[in-house]
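>>> just coords:
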């Protein structure tokens, strides 16, 4: 799984999720922090090119940016996020 982290306006989180959901099975989108509006797009290697194309489309639609993994995420950020749910 290849994570792609995106920071955007909190009001655009739903749009980003809808955009990825409209392309079935390409990626899963999770909100890491709704206050700072950081989401992660989880794409498998087979669909990574398609996921990056969708990210490019999102970048054209709303003000947002691809960012490095948040420092507080640590090396096991996905497992930590799952434990919190």
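Thanks, I have the structure now. All values reported here derive from a predicted model rather than from experimental measurement.

>>> tell me how far stretch 41-51 is from the chain's mean position?
The chain centroid and the centroid of stretch 41-51 are separated by 11 Å, computed with C-alpha atoms, centre = their mean, to the nearest Å.

>>> what comes into contact with it?
Outside of stretch 41-51, the residues within contact range by C-beta atoms under 8 Å, 6 or more residues apart in numbering are 1-6, 20, 23, 25-30, 52, 54-55, 78. Backbone N, C-alpha and C define where each C-beta goes, glycine included.

>>> how about stretch 29-41, which residues are buried there?
29, 31-32, 37-41 (16 or more other C-beta atoms under 10 Å).

>>> sorry, slip of the keys, the one I care about is stretch 44-52.
Buried residues in stretch 44-52 (16+ other C-beta under 10 Å): 47-48, 51-52.

>>> and that stretch, end to end?
End-to-end distance for stretch 44-52, by C-alpha to C-alpha, to the nearest Å: 11 Å.

>>> for stretch 28-41, same thing?
Using C-alpha to C-alpha, the end-to-end distance of stretch 28-41 comes out at 6 Å.

>>> return the distance of that stretch from the chain's centre.
In terms of C-alpha atoms, centre = their mean, the gap separating the centre of stretch 28-41 from the centre of its chain is 6 Å.

>>> average pLDDT for it, rounded please.
Across stretch 28-41, pLDDT averages out at 90.

>>> please apply the same query to stretch 44-56.
95.

>>> now that stretch, how far from the chain's geometric center?
With C-alpha atoms, centre = their mean as the basis, stretch 44-56 stands 11 Å off its chain's centre.

>>> same question for stretch 59-69.
Using C-alpha atoms, centre = their mean, the offset of stretch 59-69 from its chain centre is 10 Å.

>>> list the buried residues of that stretch.
By 16+ other C-beta under 10 Å, the buried positions in stretch 59-69 come out as residue 64.
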